[in-house]
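In: Kindly return the folded structure for what I paste below:
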Amino acid sequence: MFEKVNPAHPDKLADRIAGALVDAAYEEEKNPKIAVEVLLGHGHATVIIESSYTFCRYRVQSIVARIADIVNVRYIHKKQDPHLAKNQAGKFRCGDNGIFRGVPLTEEQKKLSQIARDIYEAYHSDGKYILDKDRLIICQSNANSEELKKIYKNAEVNPIGDWTGGTDVDSGATNRKLGSDMGDSVTGGGLHGKDLTKADVSVNIYAWLKAQATGKVVELSCAIGDEFIDGKPYGEIVCIAKDFINKLGGFEKFAEWGLF
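Out: Below is the predicted model of the structure:
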């Protein structure tokens, strides 16, 4: 049993905005420290950024407008806590306490992820999909339901009828769709809107990649300030996560579909 949402879902719009802001911070600084939270809906967006880099208001507004078509933006910026900043001085150390779990993907999860992508190619609008053994549920806004029924025979398509979707009917928030992003690998920390020194990003990615490579469940924990995780220097974990993000095309692209 698995649920997947597409990049136009309001929660994913929030993730994508957060990711785009992290991309922008990396354009300005080699190793920025940044954490972004986004809440949007009904024509308004609130963006809270704790960062070593200070964005101009116009840049934040332009990113929100490009991704979510919202122009009413409340932007709050705070410098990163000096104690947390000190933790990363001189070398990479684990940025927070955390537990992390990587789980190999199931065939069901792979299948639904591909279905979601295929539908999104045709309909770039809000969508959510469920696969439960032989039961496929497709909720796709602004779509031709009859056409989808022809393609996905026996699927339940828009069970209560056509719908509009988007931020005019639903709110969106960062890291609210981690089940869609991570499958069974869901942990306590969110993937999106954070720089690579944050364990929620780097260690989650590392554990997930190791699980796919080994076919085994990977469970890790860390305390703030740890210099080694899973027998590797924390800086090496960060580099592995950075390579993964770079191959996808950056943090905004990462936010579109999550880990798979």
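
In: number of nearby residues for the closest residue to residue 68 other than its chain neighbours?
Out: Counting by Cβ to Cβ, 6 or more residues apart in numbering, residue 13 is the residue found nearest to residue 68 once chain neighbours are left out, at 4.6 Å. (C-beta placed from N, C-alpha, C; glycine too.) By the measure other Cβ atoms under 10 Å, the count of residues near residue 13 is 27.

In: Likewise for residue 45?
Out: Here the neighbour count serves as a burial measure; for residue 45 (other Cβ under 10 Å) it reads 27.

In: Next secondary structure after whichever strand or helix holds it?
Out: Element membership for residue 45, per DSSP states H and E: strand 44-51. Tracing the chain past strand 44-51, the next element assigned as helix or strand by DSSP H and E is helix 57-68.

In: angle of that following helix against strand 44-51?
Out: For helix 57-68 and strand 44-51, the angle between their directions (axes from the mean of the first three to the mean of the last three Cα atoms, to 10 degrees) works out to 120 degrees.

In: Helix 57-68 packs against which elements?
Out: Secondary structure elements in contact with helix 57-68, counted by 3 or more Cβ pairs under 8 Å, 6 or more residues apart in numbering; DSSP states H and E, are helix 10-28, strand 44-51, strand 72-78.

In: and the residue nearest to residue 68, what is it in contact with?
Out: With contact taken as Cβ atoms under 8 Å, 6 or more residues apart in numbering, residue 13 is in contact with 7, 40, 67-68, 167, 172.

In: cool, and residue 87?
Out: 93, 95, 224-225.

In: now residue 142
Out: Under the criterion of Cβ under 8 Å, 6+ apart, the contact partners of residue 142 comprise 123, 125-126, 162, 164-165.

In: so the nearest residue to residue 20 once chain neighbours are set aside is in which element?
Out: Beyond its immediate neighbours in the sequence, the residue positioned closest to residue 20 (Cβ to Cβ, 6+ apart) is residue 252, lying 4.3 Å away. Taking DSSP H and E as the criterion, the element that holds residue 252 is helix 251-257.

In: Show me the strands in the chain, by range?
Out: Counting by DSSP state E, one finds strands in the chain at the ranges 2-5, 34-41, 44-51, 72-78, 98-102, 127-132, 135-140, 156-157, 172-173, 218-222, 228-229, 232-233.

In: by contact count, what packs against the last one?
Out: The helices and strands touching strand 232-233, judged by 3+ Cβ pairs under 8 Å, 6+ apart, number zero.

In: one more time with 10 Å
Out: Here strand 232-233 is seen to pack against helix 234-248 when contacts are counted using 3 or more Cβ pairs under 10 Å, 6 or more residues apart in numbering; DSSP states H and E.

In: what does the second one give?
Out: Under the contact criterion of 3+ Cβ pairs under 10 Å, 6+ apart, the helices and strands touching strand 34-41 comprise helix 10-28, strand 44-51, helix 57-68, strand 72-78, strand 172-173.

In: To residue 107, which of these lies closest?
Out: When the helices and strands packed on strand 34-41 are ranked by proximity to residue 107, the top entry is helix 10-28, at 23.7 Å, counting by Cβ to Cβ.

In: Buried residues of the closest one, list them for me.
Out: For helix 10-28, burial by neighbour count (16 or more other Cβ atoms under 10 Å) applies to 10-26.

In: which residues sit in contact with residue 81?
Out: For residue 81, the contact set (Cβ atoms under 10 Å, 6 or more residues apart in numbering) comprises 33, 50, 87.

In: List just the nearest of the residues you listed to residue 105.
Out: Top of the list for closeness to residue 105, among the contacts of residue 81 and by Cβ to Cβ, is residue 33 at 31.4 Å.

In: Quick check: phi and psi at that closest one.
Out: phi -110, psi 120 (degrees, to the nearest 10).

In: Count the neighbours of it for me.
Out: Other residues within reach of residue 33 by the criterion other Cβ under 10 Å amount to 22.

In: what's the answer for the one 3 residues further on, then?
Out: When counting by other Cβ under 10 Å, one arrives at 26 neighbours for residue 36.

In: thinking again about what came up before, pull up the gap between the residue nearest to residue 68 and residue 223, please.
Out: Taking Cβ to Cβ, to the nearest Å as the measure, residue 13 and residue 223 are separated by 34 Å.
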